[in-house]
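# okay, here's the prediction I keep looking at, along with the sequence it came from:
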Amino acid sequence: MPLVDIQLIEGVFDKSQKQAMIKKITDAMVEIESEAMRGVTWVRVHEVASGNWGIGGKGLTTADVKALQTQVR
């Protein structure tokens with residue numbers, strides 16, 4: 001029974017994007033372990049408050065991540 005935790009900064013992804021993550025991660029695990037495991041594959045999404053996730057000694061905010069998203073596209 002796998003348990004996959006996804007940690008995100010709050011407000012970066014909307015509800016439909018988080019649902020897509022859950023579905024795709026579940027599908028990936030089932031591909032590895034077999035369809036019989038779909039019902040016992042758990043995926044949890046945890047959101048961390050904006051500014052409470054640090055990288056390189058600096059708190060990363062929702063706005064920081066959204067700015068990065070526009071650079072990648």
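In hand now; what should we look at?

# separation between Ile6 and Val43?
Between Ile6 and Val43 the computed distance is 7 Å (C-beta to C-beta, to the nearest Å). Bear in mind the C-beta positions are built from the backbone N, C-alpha and C, glycine included.

# please say which of these two ends up with more neighbours.
Neighbour tally, Ile6 and Val43, criterion other C-beta atoms under 10 Å: the higher count belongs to Val43, 18 against 14.

# okay, that one: pLDDT?
Per-residue pLDDT puts Val43 at 98.

# cool, Gly51 as well?
In this model, Gly51 is scored at 94, pLDDT.

# what's the closest non-adjacent residue to it?
On the basis of C-beta to C-beta, 6 or more residues apart in numbering, the spatially nearest residue to Gly51 that is not a chain neighbour turns out to be Gly59, at 4.2 Å.

# swap in Val48?
Distances taken as C-beta to C-beta, 6+ apart put Ile9 closest to Val48, at 5.6 Å, once the chain neighbours are dropped.

# about what we covered before: which residues do Ile6 and Val43 both contact?
With contacts defined as C-beta atoms under 8 Å, 6 or more residues apart in numbering, the residues shared by Ile6 and Val43 are Met21, Ile25.

# partners of the helix or strand where the residue nearest to Gly51 lies, with directions?
Element membership of Gly59, judged by DSSP states H and E, is strand 58-60. Its sheet considered, strand 58-60 pairs with strand 53-55 (antiparallel) by DSSP bridges.

# next, the buried residues of the partner strand.
By 16 or more other C-beta atoms under 10 Å, the buried positions in strand 53-55 come out as Trp53.

# now swap in stretch 16-25 and tell me
Within stretch 16-25, the residues that qualify as buried are Lys18, Met21, Ile22, Ile25, counting by 16+ other C-beta under 10 Å.
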